[in-house]
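Peer 1: return atomic coordinates for the entry below.
(one chain, ligands or ions: 1)
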Amino acid sequence: MKPRFYLTTPIYYVNDAPHIGHAYTTLACDVLARFKRLDGHEVFFLTGTDEHGQKVEKAAHDAGQEPKAFTDKVSANFRDLARVMGISNDDFIRTTEPRHYAACAAMWQRLADNGALYLGHYEGWYAVRDEAFYGEDELTTGPDGVKRAPSGAPVEWVREPSWFFRLSEWGPKLLDFYDAHPDFIGPASRRNEVTSFVRGGLTDLSVSRTSFKWGVPVPNDPDHVMYVWLDALTNYITATGWPEDGPRAKFWPADLHMVGKDIVRFHAVYWPAFLMAAGLAPPKRVYAHGWWTNEGQKISKSLGNVIDPLALVAEFGLDPVRFFLLREVPFGQDGDFSRAALNRRLNGDLANDLGNLAQRTLAFIAKNLAPEVPAPGAFTPADTALLDAARALVGTLRTELDRQAFHAALEAVWVVVRAANAYIAEQAPWALRKTDLARMGTVLWVLLETIRHVAVLLQPFMPTSMANMLDQLGQGEGARMLVALETPLAAGTALPPPAPIFAKVEMAA
Ligand code: ME8
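Peer 2: Numbers count the residues shown, from 1 in each chain. I've put the predicted structure just below:
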């Protein structure tokens with residue numbers, strides 16, 4: 001039986017067009033999903049849209065549309081983004097779908113049956129932008145006199161009848177759970193943030209609203225709609241077919257919820273508490289990545305500096321953009337988007353280092369040898385050193401990607417790419433052509449074998465370019481899984497005519 005892996009992106013609010021931040025989270029998940037598939041796992045990769053709540057209702061109203069028509073349109077933009085970014089999701093969930101209403105009703109019922117809910121009255125601060133309740137002590141008042149949440153979102157005073165979830169009872173159980181599962185929250189800085197929040201004491205959470213209608217109705221209490229975060233978080237289990245015992249039920253609990261650092265509290269505190277209170281298993285891991293800024297500035301619509309991922313892909317090509325986003329910034333930390341950095345990565349890492357390595361090797365063979373993989377002779381220590389480094393990569397990537405260290409995985413690959421370029425310079429196959437053809441064949445075989453490892457392992461990051469590189473190495477569809485790296489490259493494999501894979505980009509003046 002194949003090992004299973006279930007991973008999710010956040011479901012995005014359909015209040016606005018998708019931007020680089022959404023593309024980033026989904027891309028990171030896509031790389032993991034593709035890597036796990038190549039590594040023989042049965043993967044279920046979910047993304048989708050979060051369509052209820054006051055914020056979306058307001059956006060629809062501002063656009064002069066009914067919420068349903070509005071959400072249909074904006075949700076489709078997120079689907080398009082996934083397609084343009086080459087995302088390999090297995091499902092796309094919308095919280096307005098009947099399957100999700102059914103799961104939300106079942107979740108509510110479980111919580112109610114287990115005594116986790118009670119009817120009361122909420123009075124306090126609410127930020128529509130975050131769809132979150134805040135305590136007075138969390139707020140600051142700016143020079144404009146506006147009270148704001150730590151996220152910068154303005155808050156308003158809310159007073160309405162509400163159902164509550166007994167979150168206050170869950171503090172000690174959550175802390176025990178974090179202790180027993182040290183990998184539940186990554187990176188460590190987020191884990192500390194969450195545990196200190198929980199240690200600070202939890203208050204009961206308002207989980208229904210009565211002042212607007214755009215939400216999932218509370219069972220048996222039609223004046224209330226569910227709090228949008230209870231509704232939204234439930235999507236992760238809806239998609240497994242819950243509460244039915246369908247073919248996807250086996251995927252719960254999820255292996256990984258990937259989120260941005262802004263929503264770690266919902267995923268690492270509320271969600272496991274809801275699940276445990278409903279008698280369901282919490283997810284295995286929540287990883288919160290950092291925040292992108294644009295040329296040093298916070299990305300915001302009001303500053304007019306939102307980066308459109310579709311425009312970037314149109315300008316630079318998909319694979320270079322995918323590579324840049326995961327290579328440039330250590331995953332988990334905040335990062336700054338700049339065109340200069342993007343150009344540097346594309347010209348340096350892709351065109352000069354990787355592109356040249358493949359191009360020099362393949363063009364040399366095409367020019368000087370029969371168009372096939374040469375047979376190696378005895379290996380020198382230099383050959384063995386490079387081959388060992390290339391063969392160790394698969395283990396390194398497994399480890400690094402299991403801790404969501406995309407940048408470290410890529411850096412490890414580039415250490416080998418740079419070593420291979422140095423090896424070409426040292427071994428000088430062009431000189432061997434005149435003195436020792438057998439040795440030249442061995443050098444070229446070592447290079448091809450190294451490039452094959454690199455290309456197979458980089459497929460999740462740059463699917464199209466690496467498929468192209470593997471085509472040029474004569475490695476068909478059947479030879480691209482990680483397990484294929486356990487068998488050495490076969491001499492005599494036919495090599496098609498080579499062509500450059502990465503073009504250099506010109507710096508704009
Ligand atoms: O929070 N840098 O949806 P959302 C990096 N619907 N990532 C960013 C980013 C940036 N500048 N901006 C956004 C919601 N993101 C809820 C989630 S899940 C059950 C419900 C990414 O549309 C990041 O992943 O506001 C962040 O967590 C997410 O988009 C927020 O998307």
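Peer 1: rest of the way, CA atoms for contacts and neighbours
Peer 2: Fine.
Peer 1: so Trp120: helix, strand or coil?
Peer 2: No, residue 120 isn't Trp; it's Gly. The assignment at Gly120 comes out as strand when based on DSSP: H, G, I helix; E, B strand; the rest coil.
Peer 1: hang on, isn't it packed against Arg166?
Peer 2: No: with contacts defined as CA atoms under 8 Å, Gly120 does not count as touching Arg166, sitting 11.5 Å away.
Peer 1: neighbour-wise, which of the two wins?
Peer 2: More crowded of Gly120 and Arg166, by other CA atoms under 10 Å: Arg166, with 21 against 12.
Peer 1: what strand or helix carries Phe45?
Peer 2: Using DSSP states H and E, Phe45 maps to strand 42-50.
Peer 1: ok, His224 - contacts?
Peer 2: Applying CA atoms under 8 Å, 6 or more residues apart in numbering to His224 gives the contacts Ser162, Ser208, Arg209, Thr210, Lys213, Pro217, Val218.
Peer 1: returning to what we had before: and the strand holding Phe45, does that touch the ligand?
Peer 2: Yes: shown here: strand 42-50 in contact with the ligand (CA under 6 Å from any ligand atom) through Asp50.
Peer 1: around the ligand, pick out the residues from the stretch 251-400 of the chain.
Peer 2: Val259, Gly260, Asp262, Ile263, Gly290, Trp291, Trp292, Ile299.
Peer 1: and with 5 Å instead?
Peer 2: Counting by CA under 5 Å from any ligand atom, the stretch 251-400 of the chain comes close to the ligand at Val259, Gly260, Trp291, Trp292.
Peer 1: verify the stated contact: the last one with Gly332.
Peer 2: No: between Trp292 and Gly332 no contact is recorded; they are 10.7 Å apart, counting by CA under 8 Å.
Peer 1: helix or strand: which one has Glu123?
Peer 2: strand 117-127.
Peer 1: likewise Pro247?
Peer 2: Following DSSP H and E, there is no helix or strand that holds Pro247.
Peer 1: could you check how far it is from Asp255?
Peer 2: Per CA to CA, to the nearest Å, Pro247 is found 17 Å from Asp255.
Peer 1: between the two, which has more neighbouring residues?
Peer 2: Comparing Pro247 with Asp255 by other CA under 10 Å, the one with more neighbours is Asp255, at 19 against 9.
Peer 1: please name the residues that touch that one.
Peer 2: Residues in contact with Asp255 (CA under 8 Å, 6+ apart) are Phe5, Tyr6, Leu7, Pro283, Lys284, Arg285.
Peer 1: now do the contacts for Ser168.
Peer 2: By CA under 8 Å, 6+ apart, Ser168 lies in contact with Gly201, Leu202, Thr203, Asp204.
Peer 1: tally up the residues packed near the second one, please.
Peer 2: So that's Leu202. A count of neighbours around Leu202, defined by other CA under 10 Å, yields 16.
Peer 1: in this structure it contacts Leu167, no?
Peer 2: Yes: Leu202 is within contact range of Leu167, at 6.3 Å (criterion: CA under 8 Å).
Peer 1: buried residues, stretch 404-424. List them.
Peer 2: Buried positions in stretch 404-424, judged by neighbour count with 16 or more other CA atoms under 10 Å: 404-410, 412-414, 416-421, 423-424.
Peer 1: swap in stretch 132-141?
Peer 2: Buried positions in stretch 132-141, judged by neighbour count with 16+ other CA under 10 Å: Ala132, Phe133, Tyr134, Leu139.
Peer 1: now the second one: which helix or strand?
Peer 2: Same thing as Phe133. Following DSSP H and E, one finds Phe133 within strand 132-134.
Peer 1: can you spell out which helices and strands pack onto that strand?
Peer 2: The contact analysis (3 or more CA pairs under 8 Å, 6 or more residues apart in numbering; DSSP states H and E) places strand 132-134 against strand 117-127.
Peer 1: show me what the strand it packs on is packed against.
Peer 2: On a contact count with 3+ CA pairs under 8 Å, 6+ apart, strand 117-127 meets strand 132-134, strand 156-165.
Peer 1: what's the first helix or strand after the longest one?
Peer 2: Later in the chain than strand 156-165, the nearest helix or strand by DSSP H and E is helix 171-180.
Peer 1: and the shortest one, by the same measure?
Peer 2: For strand 132-134, the following helix or strand on the C-terminal side (DSSP H and E) is strand 140-141.
Peer 1: report all helices and strands that that following strand contacts.
Peer 2: Counting by 3+ CA pairs under 8 Å, 6+ apart, the packing neighbours recorded for strand 140-141 are strand 147-148.
Peer 1: list the contacts of the strand it packs on.
Peer 2: Outside strand 147-148, the residues that touch it by CA under 8 Å, 6+ apart are Leu139, Thr140, Thr141, Gly142, Pro154, Val155.
Peer 1: leaving out the residues flanking it, which one is nearest to the third one?
Peer 2: The shortest distance from Thr141 to any residue that is not its chain neighbour, by CA to CA, 6 or more residues apart in numbering, is 4.3 Å, and that residue is Lys147.
Peer 1: for the one you found, grab the count of nearby residues.
Peer 2: Lys147: 19 surrounding residues under other CA under 10 Å.
Peer 1: per-residue pLDDT of it, please?
Peer 2: Among the per-residue scores, Lys147 holds a pLDDT of 95.
Peer 1: what's the answer for the one 3 residues further on, then?
Peer 2: Pro150 is assigned 91 on the pLDDT scale.
Peer 1: hang on, isn't it packed against Glu138?
Peer 2: Yes: assessed by CA under 8 Å, Pro150 is found in contact with Glu138 at 6.6 Å.
Peer 1: part of a strand, is Pro283?
Peer 2: No: using three-state DSSP, the assignment for Pro283 is coil, not a strand.
Peer 1: any idea how far the residue of the chain positioned farthest from its centre is from the ligand?
Peer 2: Farthest-out residue of the chain from its mean C-alpha position, per CA atoms, centre = their mean: Thr435, at 50.6 Å. Here the criterion is CA to the nearest ligand atom, to the nearest Å. By it, Thr435 lies 55 Å from the ligand.
Peer 1: list the contacts for that residue?
Peer 2: By CA under 8 Å, 6+ apart, Thr435 lies in contact with nothing.
Peer 1: isn't Asp183 up against Ala268?
Peer 2: No: judged on CA under 8 Å, Asp183 makes no contact with Ala268 at a distance of 11.6 Å.
Peer 1: if you count surrounding residues, which of those two has more?
Peer 2: Shown here are Asp183 and Ala268; by other CA under 10 Å, Ala268 has more neighbours (25 against 16).
Peer 1: phi, psi of the more buried one?
Peer 2: Backbone torsions for Ala268, taken as degrees, to the nearest 10, come to phi -100, psi -10.
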